[in-house]
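> this one's sequence-less:
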């Protein structure tokens, strides 16, 4: 009996009580990785105010080419340059929404924009994954609507519930 109990405990431990690897929600991930100093905007709010905001995609080019939110400007994450944005969007009060896969990398870019002087920057809560999960369209590199979304990694991809996951 003692051996059976020990085996059960070992099995339960191996299944993982490690919350950093097995997050329970996008909300938990965002609370873990983000400081929350860039306010969130929901996908519904963005959809309702779509024409008013400049939308910036903070993912890498391989992700952007698979699909992105229509009219989004690619800014990347790894080599982001706020000077280029200042040239394209000189009005520092212009509403800007930054997104990535779920909202972690976009907070970093939002902070850089804030530091550059932008006063109306928001982070898309749940990123492109939540956008697609709520049934909003994404387009491919030539502007055609697509079902594909780059899922970044298997760990993060689990939060994409709708669409075809691409990992290339």
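That came through, no problem. No experiment lies behind these values; they were computed from the predicted model shown.

> and residue 59, what does it touch?
Counting by C-beta atoms under 8 Å, 6 or more residues apart in numbering, residue 59 makes contact with 68, 76-77, 100-101, 105, 128, 150, 152. Yep, even glycine has a C-beta here, placed from its N, CA and C like the rest.

> Let me have the residues you listed in CSV, extended by neighbour count and secondary structure.
Below are the contacts of residue 59 laid out as CSV (neighbours: other C-beta atoms under 10 Å; DSSP: H, G, I helix; E, B strand; the rest coil):
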residue, neighbour count, secondary structure
68, 25, strand
76, 19, coil
77, 18, coil
100, 26, coil
101, 25, coil
105, 25, helix
128, 32, helix
150, 23, strand
152, 24, coil
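
> and which of these is nearest residue 44?
Residue 44 has its nearest neighbour among those in residue 128, at 14.7 Å by C-beta to C-beta.

> Closest one to residue 85 out of the contacts of residue 59, please.
Distances from residue 85 to the contacts of residue 59, taken by C-beta to C-beta, are shortest for residue 76, at 11.1 Å.

> In space, what's closest to the closest one - neighbours in sequence excluded?
With sequence-adjacent residues excluded and distances taken as C-beta to C-beta, 6 or more residues apart in numbering, residue 76 is closest to residue 60, at 5.9 Å.

> Can you report how many residues neighbour that neighbour?
For residue 60, the number of neighbouring residues by other C-beta atoms under 10 Å comes to 17.

> can you pull the contacts of it?
If you count contacts by C-beta under 8 Å, 6+ apart, residue 60 has them with 76-78.

> Check residue 58 too.
Counting by C-beta under 8 Å, 6+ apart, residue 58 makes contact with 75-77, 80, 98-100, 105-106, 108-109.

> repeat for residue 160
Contacts of residue 160 by C-beta under 8 Å, 6+ apart are 129, 132-133, 149, 151.

> got CSV for those, with pLDDT too?
Listed next are those as CSV, based on pLDDT from 0 to 100:
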residue, pLDDT
129, 98
132, 98
133, 97
149, 98
151, 97
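
> So which of those residues wins on neighbours?
residue 129 (28 neighbours).

> Regarding that one, what is its secondary structure?
At residue 129 the chain is in helix, as set by DSSP: H, G, I helix; E, B strand; the rest coil.

> repeat for residue 38
Assignment for residue 38 (three-state DSSP): coil.
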